[in-house]
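> Everything below, folded, please.
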Amino acid sequence: MPKPFDVSVITASFNLLSSGRREQMLRCLESIRSQQDVRIEHLVIDGASTDGTLDFLKSYENQGWIKIFSEPDKGIYDAFNRGIAKAQGEYVCFINSDDYLNNPAGLAEAVKALRHSRADFSYSPVSYEKGGKIIGNDEKDMDFRTIFGAMACCHQGMVFKRSLFERVGLHNIKYKISADYDFILRSLLKGASFVKVPVSYAVFGKDGLSGTHMDMLNAESVEVKREVYGCSKELAQEIEDNRKMPLGLLLKILSRTSLPNKHKYLFYWKHYEKLKQLRHWLLTFRLRKGRRVIRIMGINLINEDK
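From the prediction side, this is the model:
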């Protein structure tokens, strides 16, 4: 039987008004409401707010924009898990109050790519916003370093088959920031496939928890690697720092994935240091204290004091 919705968008909320996030939440709601050519249900999973947030959201529920579910929870990933349990869409994605979609065709493009490829999840380029201004873009591909060495992409630009959570399990709520990274690694080691959506449509607000608590983010990232890879904390820290792992561990990981062209990962592993040196030789742009260096193909085009 066809699902009643293409995508269930899940947004966690708690005391938005007292934390000064009313306008951000309104922007989030409007951006999801404006998505075109895709059937969406928008679930707001509230952690039993006490500051008038529920009254603020109620008018949007009355207009049919959202469905609100409010009860005490154990944090953002617990809210995500409760949202997954209530979702009716074929796919799910997670857009929080600090985040929004800036391309009305975005989710339709993601669904199109997922159905065409039959992949388990999609990812796309994501813009970063801080203090109300776009400060950068994340357009990297999921390759060896980004998949197994660090969080490959922002969850705001990802869409997942709802059935993937049935296969892999829900978010591990012991993590406060990195449960999405943990879920992605566990999914890949369960043979999950992915597809890139070349269209950028999501904006990640870096004023939130994961954008402002880098020490916690890094510590959790190491713990995720230690637990998922079954390695020591010291090795997990080395992988985190250098984006490189022992060949035996890499072969063990690759054997559990359905990644295409696995030989590319082995080539990258073997020649990582040489590739890094080659990239430095081909193109270097560096600003130091009072000095600027630009090198292309090993030739210093600019090497001057400022």
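
> Quick one: residues contacting L57.
S13, M25, V44, D46, I66, I68 (Cβ atoms under 8 Å, 6 or more residues apart in numbering). The way it works is simple: take the backbone N, C-alpha and C, and place the C-beta from them, glycine included.

> swap in V228?
D182, L185, R186, L189.

> between those, which is nearest R167?
R186 (9.9 Å; Cβ to Cβ).

> Which parts of the stretch 51-200 of the chain are helices?
53-62, 76-86, 106-117, 144-148, 162-168, 179-189 (DSSP state H, counting those that start in this stretch).

> Would you mind checking which of those scores lowest on average pLDDT?
Lowest mean pLDDT within the helices of the stretch 51-200 of the chain: helix 144-148, at a mean of 70.

> Select, from the contacts of L57, the two members most distant in space.
With Cβ to Cβ as the measure, no two of the contacts of L57 lie farther apart than M25 and I68, at 12.0 Å.

> Compare these two (neighbour count), which wins?
M25 (22 against 16; other Cβ atoms under 10 Å).

> Let's verify the more buried one: helix, strand, or coil?
Three-state assignment for M25 (DSSP: H, G, I helix; E, B strand; the rest coil): helix.

> how about low-confidence regions in the stretch 201-306 of the chain?
208-212, 268-306 (pLDDT under 70).

> try 80
206-214, 243-244, 260-306 (pLDDT under 80).

> before we move on, what about the stretch 1-150 of the chain?
In the stretch 1-150 of the chain, residues with pLDDT under 80: 1-3, 138-147, 150.

> tell me the contacts of Q36?
If you count contacts by Cβ under 8 Å, 6+ apart, then Q36 has P104, A105, A108 around it.

> Please apply the same query to P104.
Contacts of P104 (Cβ under 8 Å, 6+ apart): S34, Q35, Q36.

> before we move on, what SS does the second one have?
To tie it back to what came earlier, the one meant is Q35. Following three-state DSSP, the label given to Q35 is coil.

> Wait, it touches A108, no?
Yes: Q35 is within contact range of A108, at 6.9 Å (criterion: Cβ atoms under 8 Å).

> so what are the domain limits for the chain?
Per automatic domain parsing, the domain ranges recorded for the chain read 5-164+193-204, 273-306.

> closest one to P260 among these?
domain 5-164+193-204 (8.4 Å).

> in the longest helix seen in the chain, what counts as buried?
Counting by DSSP state H, the longest helix found in the chain is helix 214-229. For helix 214-229, a neighbour-count test (16 or more other Cβ atoms under 10 Å) marks L217, N218, E220, S221, V222, E223, V224, K225, R226, E227, V228, Y229 as buried.

> Ok, stretch 188-203 next?
188-189, 192-197, 199-203.

> longest strand in this protein, by residue count?
strand 5-13 (DSSP state E).

> Tell me the strands beside that strand, with direction?
Applying DSSP bridges to the sheet, strand 5-13 is found paired with strand 40-46 (parallel), strand 89-94 (parallel).

> need those in JSON lines with mean neighbour count and distance to N261, can you?
Converted to JSON lines, the strands paired with strand 5-13 look like this (neighbours: other Cβ atoms under 10 Å; distance: least, Cβ to Cβ, whole Å):
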{"stretch": "strand 40-46", "mean neighbour count": "22", "distance to N261": "34"}
{"stretch": "strand 89-94", "mean neighbour count": "24", "distance to N261": "26"}
